[in-house]
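Asks: for reference, the sequence and a predicted model appear below.
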Amino acid sequence: MLAKTADLAAAPTAHGFAPVGFFYLVPTLRVGTHPSRRSASKEQVMTRTRYKIYETEYPYFLTCTVIGWVPIFTRAETVDIVLESWRFLEANDRITLFGYVILENHLHWIASADDLTEQVAEFKSFTARKIIDYLEEKNVKQILGQLGRLKAKHKTDRSYQLWQEGSHPQMIQCDEMMYQKLEYIHNNPVVRGYVDDPTHWRRSSAKNYAGQSGLIPVTTQW
């Protein structure tokens, strides 16, 4: 069942009541219960770093941040490049995308794949190349200058660096965690004061979870 609650004073969670102003746009989830998935012991999970991908049968919450927090995604064209990459990876069965939000200088997404580390690397490589090509074509000197100055010294094979290194992957091990991460994603623009309702921010999967048409398809039931 899809839940959308604007009056959060009456919306209980596993930890009590949700903060006022948050919206619920998440269906009932069943994470980690697919017959083909392996079960990981708590001891294994607790001793591992939270920022590496180990169990590929689970979804991961991922964050990709532009180097220096440069506001790259204020242009529709750069946002379209990100969406194009996700659309391609999904269409070719390389990832399953469960949710996302694109903000001006970073993005969050939840995805799973048999080789998620490789797919995240491919996503970052493709989008970096295409976005920098676009900025060069449009002669956006100020942003290109920032991306050049902020480039890590060891990256001698390129003139610019778009993404910070890493994606801070966090394994989603249960329904509650998936619920929390999707709520965080969808309410991010609301908390920042950009919109009053998550579905008003077009660059996220909030509309998909509200039963509306989003910019790209995502998996909302599993």
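Replies: In hand now; what should we look at? Small disclaimer: the values here were computed from a predicted structure and weren't measured.
Asks: residue ranges for the helices of the protein, please.
Replies: Using DSSP state H, the helices of the chain run over 42-46, 76-91, 116-137, 141-149, 175-191, 206-209.
Asks: which secondary structure elements does the shortest one contact?
Replies: Okay, so that is helix 206-209. Applying 3 or more C-beta pairs under 8 Å, 6 or more residues apart in numbering; DSSP states H and E, we find helix 206-209 packed against strand 96-102, helix 175-191. Every C-beta, even on glycine, is put in place using the N, C-alpha and C of the backbone.
Asks: could you dump those into TSV and include distance to H108?
Replies: Output for the helices and strands packed on helix 206-209, formatted as TSV (distance: least, C-beta to C-beta, whole Å):
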stretch	distance to H108
strand 96-102	5
helix 175-191	5
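Asks: just name the most buried of those.
Replies: Burial of those is given as mean neighbour count (mean count of other C-beta atoms under 10 Å); strand 96-102 ranks first at a mean of 23.
Asks: helix 175-191 and that one, what's the angle between them?
Replies: 30 degrees (axes from the mean of the first three to the mean of the last three C-alpha atoms, to 10 degrees).
Asks: CA atoms only: put strand 96-102 into CSV for me.
Replies: Extracted C-alpha coordinates of strand 96-102, given in CSV (Å, rounded to 0.1, in the frame of the first residue of the first chain):
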residue,chain,number,x,y,z
THR,A,96,17.9,-1.7,-10.5
LEU,A,97,17.1,1.9,-9.5
PHE,A,98,14.8,2.3,-6.4
GLY,A,99,15.0,6.0,-5.8
TYR,A,100,16.9,9.2,-6.4
VAL,A,101,17.2,12.9,-6.0
ILE,A,102,19.4,15.4,-7.9
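Asks: what does that strand contact?
Replies: When contacts are defined by C-beta atoms under 8 Å, 6 or more residues apart in numbering, strand 96-102 is touched by residues 59, 73, 79, 82, 86, 89-90, 107-113, 178, 181-182, 185-186, 188-189, 201, 203-206, 208-209, 216-220, 222.
Asks: just stretch 148-159 next, same as before
Replies: I67, G68, V70, Y160, Q161, E165.
Asks: wait, I72 touches T78, no?
Replies: Yes - counting by C-beta atoms under 8 Å, I72 touches T78, with 5.3 Å between them.
Asks: export the helices and strands packed on helix 206-209 to TSV and tack on mean pLDDT and distance to G145?
Replies: Output for the helices and strands packed on helix 206-209, formatted as TSV (pLDDT from 0 to 100; distance: least, C-beta to C-beta, whole Å):
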stretch	mean pLDDT	distance to G145
strand 96-102	98	23
helix 175-191	96	28
